[in-house]
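[1] Sequence plus predicted model, see below.
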Amino acid sequence: MLISTAYANASAAAASPDWTSFLPLIVIFVLFWFMLIRPQMKQAKEHRAMVAALQKGDEVAVAGGIVGKITKVSDAFIDVEIAPEINIHVQKQAVQTLLPKGTIKSL
């Protein structure tokens with residue numbers, strides 16, 4: 001015969017995945033954690049603390065850009081006086097910023 005028969009080598013054990021192949025994924029996750037997830041969690045925690053500390057007489061800016069003074073606080077809602085004798089009823093979570101005292105007079 002001119003052509004010899006070719007036989008396959010004995011099958012080697014399947015190579016286990018090396019941990020270094022996962023290193024780029026681990027690095028990307030760590031970067032996402034410190035650059036995106038962690039700052040958002042910190043900001044949300046600060047907002048929850050600010051909303052919980054709202055009290056009558058505080059000056060606030062609401063999500064729609066309305067600025068006013070809190071006249072009444074309940075569990076989920078607050079009343080904000082935006083002009084003399086004009087109050088609006090908004091959710092506490094709609095408060096974006098707690099303004100320093102006297103800010104409304106300077107506007």
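    That came through, no problem.
[2] C-alpha from now on. contacts and neighbour counts both.
    Fine.
[3] any idea which element the residue nearest in space to the middle of the chain lies in?
    For the chain, Gln40 is the residue whose C-alpha lies nearest the centre (CA atoms, centre = their mean; 3.3 Å). Using DSSP states H and E, Gln40 sits in helix 38-52.
[4] Packing partners of that helix?
    strand 95-99 (3 or more CA pairs under 8 Å, 6 or more residues apart in numbering; DSSP states H and E).
[5] Please compute how far the very next helix or strand once past the strand it packs on lies from its chain's middle.
    Counting by DSSP H and E, the next helix or strand C-terminal to strand 95-99 is helix 103-106. Taking CA atoms, centre = their mean, to the nearest Å, one finds helix 103-106 lying 30 Å from the centre of the chain it belongs to.
[6] same deal with stretch 79-86?
    30 Å.
[7] do stretch 72-88 as well
    That offset, for stretch 72-88, works out to 27 Å (CA atoms, centre = their mean).
[8] Which residues does that stretch contact?
    Contact with stretch 72-88 is made by 54-56, 66-71, 89-92, as judged by CA atoms under 8 Å, 6 or more residues apart in numbering.
[9] just the buried members of these?
    Buried positions within the contacts of stretch 72-88, assessed by neighbour count (16 or more other CA atoms under 10 Å), are Leu54, Val67, Gly68, Lys69, Ile70, Thr71, Lys92.
[10] Just the element for the fourth one, please.
    According to DSSP H and E, Lys69 maps onto strand 67-73.
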